[in-house]
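Novice: One predicted model, sequence on top.
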Amino acid sequence: MNVGKVLKDVVFGMASVGIAGLVVVCSTERYEWMIGEADTDGSRLTICTIPTDPDSPRLMLSVAVLIPTLILTAFACHPARRRWRMAISLTVLGLWLYCFFVRFSGCPT
């Protein structure tokens, strides 16, 4: 067993988990904890109806989080890398896409 390859795999796994956590933490809205609560008119609050912060740095955060995600993907695309690394990096990229854009795509503007 090659210790260098195992160490690289462990570092890649830790980086993947760290970047995925960063994506989830940075994509939460300020009042997201209110989802499911009763509104003043009796309806339930959803992701589309929670109060939003007009000065939210959402776009800047999404780009700032995208950079390490793309670095992770580029590292996994190296020709000598294993296929599971590519699958993990594409999963993290998909998580970024979902957290910052897809889950809000059904909301009327």
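Specialist: Great, that's in hand.
Novice: Not counting its own residues, what contacts the helix or strand bottoming out on mean pLDDT in the chain?
Specialist: Here the helix or strand of the chain ranked lowest by mean pLDDT, DSSP states H and E is helix 58-76, holding a mean of 79. Helix 58-76 is contacted from outside by 12, 15-16, 19, 22-23, 26-27, 81, 85-86, 88-90, 92-93, 96, 100-101, using CB atoms under 8 Å, 6 or more residues apart in numbering. Quick note: C-beta positions are derived from backbone N, CA and C, even for glycine.
Novice: Among those residues, which ones are in helices?
Specialist: Members of the contacts of helix 58-76 lying in helices (criterion: DSSP state H): 12, 15-16, 19, 22-23, 26-27, 85-86, 88-90, 92-93, 96, 100.
Novice: could you flag which of those are buried?
Specialist: 12, 15-16, 19, 22-23, 26-27, 85, 88-89, 92-93, 96, 100 (16 or more other CB atoms under 10 Å).
Novice: For Ala20, which non-adjacent residue is closest in space?
Specialist: With CB to CB, 6 or more residues apart in numbering as the criterion, Ala20 has its nearest non-adjacent residue at 5.3 Å, and that residue is Val92.
Novice: can you pull the contacts of the one you found?
Specialist: Counting by CB under 8 Å, 6+ apart, Val92 has contacts 16, 19-20, 23, 69, 72-73.
Novice: Take those residues and write them to TSV, including distance to Gly42.
Specialist: Below are those laid out as TSV (distance: CB to CB, whole Å):
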residue	distance to Gly42
Ser16	43
Ile19	41
Ala20	37
Val23	34
Thr69	41
Leu72	45
Thr73	46
